[in-house]
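In: From the sequence below, what's the structure:
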Amino acid sequence: MNESSPSTATTQEAMQRTVFIISDGTGITAETFSHSVLSQFENVPFKQVRVPFVDTLEKADAVIERINHIASTKEGQPIAFTTLVDPVLSARVKTANALFWIYLPALSSRLSNTSGCPLATRSENLTRVAARRSIGIGLTPSTTACHTTMVSL
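Out: Next up, the predicted model:
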């Protein structure tokens with residue numbers, strides 16, 4: 001029989017961590033990234049809080065308030081995964097009392113520096129997503145060194 005003793009359950013409860021998944025979009029990328037990292041800690045229970053569409057300073061401040069509230073409880077400092085693209089929003093959210101895992105800016109900047117291609121704005125990225133989806137309706141991408149445009153078939 002493999003039952004948890006009361007002391008084991010209490011230890012696991014004390015170890016539970018809140019994980020904030022913060023994104024300026026749906027949060028799917030940040031959530032996937034967080035699952036990849038958190039799966040390495042199978043004996044630690046995590047309470048995940050996904051916060052999508054953080055695209056204004058007001059929403060960033062609301063997230064900061066939620067994070068700081070958790071940090072002030074017995075649970076302690078939460079973990080936060082973020083894929084915020086806007087550097088102003090990202091910097092603002094990083095003022096919260098959390099252990100941050102920043103996904104996109106570090107990787108995107110490095111890729112931009114090594115490829116020589118400038119980083120796109122969020123609206124340019126959304127245009128590219130729409131362009132990729134339009135392939136299914138009879139358009140095909142024509143790619144130059146750093147840009148993708150659509151041409152009719």
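In: from here on, contacts and neighbour counts on C-alpha atoms
Out: Will do.
In: Below-threshold pLDDT in the chain: ranges please.
Out: Within the chain, the segments meeting pLDDT under 70 span 1-14, 103-112, 118-153.
In: Break it into its domains for me.
Out: Domains of the chain are assigned by automatic domain parsing as 6-117, 120-153.
In: Can I get the top helix by length along the chain as CSV, trimmed to CA atoms?
Out: Ranked by number of residues, the top helix in the chain under DSSP state H is helix 57-71. Extracted in CSV, the C-alpha atoms of helix 57-71 (Å, rounded to 0.1, in the frame of the first residue of the first chain):
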residue,chain,number,x,y,z
LEU,A,57,-0.5,48.9,-18.4
GLU,A,58,-3.7,48.5,-16.4
LYS,A,59,-3.8,44.8,-17.0
ALA,A,60,-0.1,44.5,-16.2
ASP,A,61,-0.7,46.3,-12.9
ALA,A,62,-3.6,44.0,-12.1
VAL,A,63,-1.3,41.0,-12.6
ILE,A,64,1.3,42.6,-10.4
GLU,A,65,-1.3,43.0,-7.7
ARG,A,66,-2.3,39.3,-7.9
ILE,A,67,1.3,38.1,-7.9
ASN,A,68,2.3,40.3,-4.9
HIS,A,69,-0.8,39.1,-3.0
ILE,A,70,0.3,35.5,-3.4
ALA,A,71,3.9,36.4,-2.5
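In: So which residues of this structure form helices?
Out: Counting by DSSP H, the helices of the chain are 6-15, 28-38, 57-71, 87-93, 104-115, 122-134.
In: Would you work out how far apart the start and end of stretch 63-79 are?
Out: Its first and final residues considered, stretch 63-79 spans 13 Å by CA to CA, to the nearest Å.
In: ok, and for that stretch, which residues are buried?
Out: The neighbour-count check on stretch 63-79 (16 or more other CA atoms under 10 Å) flags 63-64, 67-68, 70-71, 76-79 as buried.
In: what's in contact with it?
Out: 14-20, 51, 93, 95-101 (CA atoms under 8 Å, 6 or more residues apart in numbering).
In: Can I have the buried ones of the residues you listed as a ChimeraX selection?
Out: With 16+ other CA under 10 Å as the criterion, this ChimeraX line picks the buried residues out of the contacts of stretch 63-79:
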select :16,17,18,19,20,51,93,96,97,98,100,101
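In: and of the contacts of stretch 63-79, the nearest to residue 38?
Out: Ranked by distance to residue 38 (CA to CA), the contacts of stretch 63-79 are led by residue 19 at 9.4 Å.
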